[in-house]
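**Student:** missing the sequence, but the structure's below:
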């Protein structure tokens, strides 16, 4: 953990980072995205799914492609696709403790919508661990991995990149983070160290346990 010495700003992605990839809520959102695209573009389900993947891969967020090529209303899209039940999301008190034990500032940086991000954080039980959520609306609908998205994050939160560590499930987003000087942690099954990825972990919990154990042991509990 020597590379993280002196870093006291912790930036976390939301989907597939703060909650696991096997959670069915992500599948629900995906299906709603596909159905929305089918209605908007007047195409079949399969063609809508292909557009969804195409725009995600091209722009980092499906919404960007829909706005550029189909004149989608961003607010309507975000409200529609995130209209799902959160009952399948399990509260995670250990994660809340581990994140709260990180010294300094903790921020969520997501390509998702603001209302959904806050709802998920409340459901997981980690909302109080973070000082701020920077969602797609907050960066003018410019998604990660665009440099402008990171520049806006830095300006909005007044953070020093050389003091910042970012946790992400997409290596391409970490590429931009590394260009700005962030330390990088790739989260997810099969995640490996290499290139811009300085650390890798299948889930946040074991990594954060190792990172925060001395502080928790010393104080008895995370503050």
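**Tutor:** Right, received. Where do you want to start? Everything numeric here is computed off the predicted structure, so don't read it as measured data.

**Student:** Poorly predicted segments of the chain, please.
**Tutor:** Residues of the chain meeting the criterion pLDDT under 70: 1-2, 21-23, 214-223.

**Student:** now do 90
**Tutor:** For the chain, the stretches with pLDDT under 90 are 1-6, 19-27, 60-61, 85-90, 189, 212-223.

**Student:** I'd like the domain boundaries of it, if you could list them.
**Tutor:** 2-20+89-219, 24-81 (automatic domain parsing).

**Student:** Kindly reformat those as JSON lines containing mean neighbour count.
**Tutor:** To be clear about C-beta, it is placed using only N, CA and C from the backbone, and glycine gets the same treatment. Output for the domains of the chain, formatted as JSON lines (neighbours: other Cβ atoms under 10 Å):
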{"stretch": "domain 2-20+89-219", "mean neighbour count": "18"}
{"stretch": "domain 24-81", "mean neighbour count": "17"}
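
**Student:** which outside residues touch the longest helix belonging to the chain?
**Tutor:** Longest helix in the chain by number of residues (criterion: DSSP state H): helix 24-41. With Cβ atoms under 8 Å, 6 or more residues apart in numbering as the test, helix 24-41 has contacts from 15-16, 19, 43-45, 47-49, 51-52, 62, 66, 70, 72, 77, 80-86, 88-89.

**Student:** quick check, residue 94 in a strand?
**Tutor:** No - assigned with DSSP: H, G, I helix; E, B strand; the rest coil, residue 94 falls outside any strand and is helix.

**Student:** Return the distance of it relative to residue 126.
**Tutor:** 10 Å (Cβ to Cβ, to the nearest Å).

**Student:** now the strands: where do they sit in the protein?
**Tutor:** 9-12, 105-109, 132-134, 164-168, 183-187, 199-201 (DSSP state E).

**Student:** These: which one's closest to residue 212?
**Tutor:** The closest of the strands of the chain to residue 212 is strand 9-12. By Cβ to Cβ, the value is 10.5 Å.

**Student:** center of the protein, which residue is that?
**Tutor:** The centre of the chain sits closest to residue 13, judged by Cα atoms, centre = their mean, with a distance of 2.0 Å.

**Student:** quick one: that one from residue 155, how far?
**Tutor:** Counting by Cβ to Cβ - residue 13 and residue 155 are separated by 19 Å.

**Student:** just residue 113 next, same as before
**Tutor:** With Cβ to Cβ as the criterion, residue 113 and residue 155 are 21 Å apart.

**Student:** Repeat that for residue 109.
**Tutor:** 13 Å.

**Student:** Kindly report the same for residue 56.
**Tutor:** 26 Å.
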